[in-house]
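Q: I'll drop the sequence and a predicted model, then ask my questions.
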Amino acid sequence: MAKKLFIKTHGCQMNEYDSDRMQDLLNESHGFETTLNEEEADLILLNTCSIREKAQEKVFHQLGRWKKLKEKNPNLKIGVGGCVASQEGENIIKRAPQVDMVFGPQTIHRVSNLYEKSVENTINTVDISFPKTEKFEHFPDQKNEGPTAFVSIMEGCNKYCSFCVVPHTRGHEISRPIDDILREISVLAKKGTKEINLLGQNVNSYRDSKLKTKGLGLSNLIRAAAEIEGIERIQFTTSHPFEFGQDLIDIYEEVPQLISYVHLPVQSGSNNILKQMRRRHTRDEYFEIIDKLKSVREGISISSDFIVGFPGETDKDFQDTLDLVDRVGYDESFSFIYSPRPNTTAKDLEDNVPTEEKKERLSVLQHKLENSAISISRKMVGKTSKCLVTGVSKKNPGEFQARAENNKVVIFPCSDPSIIGNIIDIEIVNAQNKSLKGIAV
């Protein structure tokens with residue numbers, strides 16, 4: 001009987017990608033089958049994220065619940081990976097001795113060996129080192145069977161924004177060789193993948209050479225990926241405004257496969273707060289990028305990340321953020337209350353914005369962002385959009401789900417499952433809060 005693997009993933013798309021690759025690796029090396037029932041698992045992996053407040057405590061609470069499973073099944077093995085694992089290291093095993101192995105984002109390719117050691121020696125093992133791009137050399141081909149797929153192109157970040165733990169948990173920027181990436185995309189395309197999402201913590205710092213032109217490495221990679229037969233749509237995430245150069249803007253005019261959507265985190269609309277955050281750009285420089293993008297790609301959707309209540313944020317600073325939202329006109333965006341994170345310089349700043357004020361500002365900002373997104377959706381009603389059909393609707397099995405050219409979710413009625421993976425014309429007939437309703441043309 002095949003062994004059962006249960007993976008719980010917290011956090012970003014990079015973690016989702018890493019979890020999928022661990023699943024592929026363990027399936028190939030040990031014949032593990034994935035289960036959605038943790039109680040029948042032989043191996044449980046928790047892939048963690050440390051971006052938000054109290055991330056560590058959430059991990060230990062989860063491990064406490066799994067301790068009971070191990071008491072029932074002493075042969076069960078438990079592993080903790082991801083950014084909290086990188087941050088906490090051996091402390092995880094000290095606090096939760098039921099954990100058999102701890103590994104960082106850069107050592108997920110060693111999970112098979114760590115599992116073997118835990119079975120053979122019943123010794124807790126920790127490996128949170130940062131071996132450049134070694135992990136990509138050990139992965140089997142993706143077993144992705146859907147029309148969309150993530151492809152990781154670089155790891156880590158060198159920006160050291162004052163609030164961010166990523167440089168400490170995922171290491172410095174390391175780019176994969178372009179030939180390796182294109183090979184992975186080609187394999188996916190032959191399996192029927194139509195859309196790829198190029199992933200990295202700071203994806204527009206991708207380099208396949210020593211050239212330092214902003215965005216040049218990524219724009220060259222996009223051009224090459226667009227030449228691969230079968231790839232009809234391309235997107236990338238996440239970007240940093242500091243390295244969003246003219247060549248990346250030009251690529252939206254040059255490559256039609258690049259969807260009309262870009263995620264460009266700004267974090268704040270105040271120059272004062274941006275400086276305190278060490279973001280390396282001003283609001284005017286951010287506006288310049290947005291204006292150029294809109295000039296080369298009509299109807300492009302912009303999404304972003306925001307932090308409210310950063311130390312020292314005044315009412316004026318917050319108003320600057322609201323003004324920026326009005327000017328840009330964001331689509332889907334993410335906003336959070338500031339919380340100090342370990343090993344960041346911002347944690348030494350006086351966290352002087354009252355909690356209730358933070359909550360009030362977050363509510364105001366989210367309301368404005370929601371209104372902006374629904375406004376964009378309403379403007380699409382009555383128009384026809386080329387949409388990639390991604391699968392059956394999660395809420396209604398009688399309907400299908402697709403992604404429009406600007407990445408918005410479109411729900412439409414259809415009875416033919418063979419339509420999944422095709423790009424079709426859909427007329428938008430209604431705008432809802434989180435999605436669009438359409439009819440296939």
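A: In hand now; what should we look at?
Q: Below-threshold pLDDT in this structure: ranges please.
A: Within the chain, the ranges that satisfy pLDDT under 70 run 53, 122-123, 132-133, 209-215.
Q: element containing the residue lying closest to Arg95 once chain neighbours are set aside, please.
A: In space, not counting the residues next to it along the chain, Arg95 is nearest to Phe60; the distance is 6.0 Å by C-beta to C-beta, 6 or more residues apart in numbering. (Each C-beta comes from the backbone N, C-alpha and C, glycine too.) Assignment of secondary structure by DSSP states H and E places Phe60 within helix 55-72.
Q: before we move on, what about Asn433?
A: Taking DSSP H and E as the criterion, Asn433 maps to no regular element, lying outside all helices and strands.
Q: That one reaches Arg378, doesn't it?
A: No. With contact defined as C-beta atoms under 8 Å, Asn433 does not reach Arg378; the gap is 11.4 Å.
Q: more neighbours, these two?
A: Here Asn433 and Arg378 are compared on neighbour count by other C-beta atoms under 10 Å; more neighbours surround Arg378, at 13 against 8.
Q: could you point out which element follows the helix or strand harbouring the more buried one?
A: Following DSSP H and E, one finds Arg378 within helix 355-380. Once helix 355-380 ends, the next helix or strand along the chain (criterion: DSSP H and E) is strand 384-392.
Q: by contact count, what packs against that next one?
A: Helices and strands in packing contact with strand 384-392 are listed as strand 399-403, strand 423-431; criterion 3 or more C-beta pairs under 8 Å, 6 or more residues apart in numbering; DSSP states H and E.
Q: Which parts of the stretch 251-400 of the chain are strands?
A: In order along the chain, the stretch 251-400 of the chain carries the following strands (DSSP state E, counting those that start in this stretch): 261-263, 301-303, 305-308, 334-337, 384-392, 399-403.
Q: Format the ones you listed as a markdown table; extra columns: mean neighbour count.
A: Conversion of the strands of the stretch 251-400 of the chain to a markdown table gives the following (neighbours: other C-beta atoms under 10 Å):
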| stretch | mean neighbour count |
| --- | --- |
| strand 261-263 | 23 |
| strand 301-303 | 21 |
| strand 305-308 | 22 |
| strand 334-337 | 16 |
| strand 384-392 | 19 |
| strand 399-403 | 23 |
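Q: Please name whichever of the ones you listed is nearest to Val325.
A: Using C-beta to C-beta as the measure, strand 305-308 is the one of those that comes nearest Val325, at 8.2 Å.
Q: helices or strands next to the closest one in the packing?
A: With contacts defined as 3+ C-beta pairs under 8 Å, 6+ apart, the packing partners of strand 305-308 are helix 315-328, strand 334-337, helix 355-380.
Q: circling back to that earlier point, list the buried residues in the helix holding Arg378.
A: Residues of helix 355-380 classed as buried: 358, 361-362, 365, 368-369, 372-373, 376-377, 380 (neighbour count, 16 or more other C-beta atoms under 10 Å).
Q: can you give me how far stretch 216-224 is from the chain middle?
A: 20 Å (C-alpha atoms, centre = their mean, to the nearest Å).
Q: So what touches it?
A: Where contact means C-beta atoms under 8 Å, 6 or more residues apart in numbering, the residues beyond stretch 216-224 that reach it are 153, 175, 178, 181-182, 198, 203-209, 211, 234, 236, 245, 247-248, 250-251, 254-255, 258.
Q: and those residues, which of them are in helices?
A: Judged by DSSP state H, helices contain the following of these: 178, 181-182, 247-248, 250-251, 254.
Q: Could you single out the nearest of those residues to Lys68?
A: Nearest to Lys68 among the ones in helices among the contacts of stretch 216-224 is Ile181, at 42.5 Å by C-beta to C-beta.
Q: How about the closest one: what's its closest non-neighbour residue?
A: Using C-beta to C-beta, 6+ apart and skipping residues adjacent in sequence, the residue nearest Ile181 is Ile153, 5.4 Å away.
Q: give the contact list for the one you found.
A: Under the criterion of C-beta under 8 Å, 6+ apart, the contact list for Ile153 reads 175-176, 181, 198-200, 203, 206, 218, 221.
Q: Okay then, goodbye and thanks.
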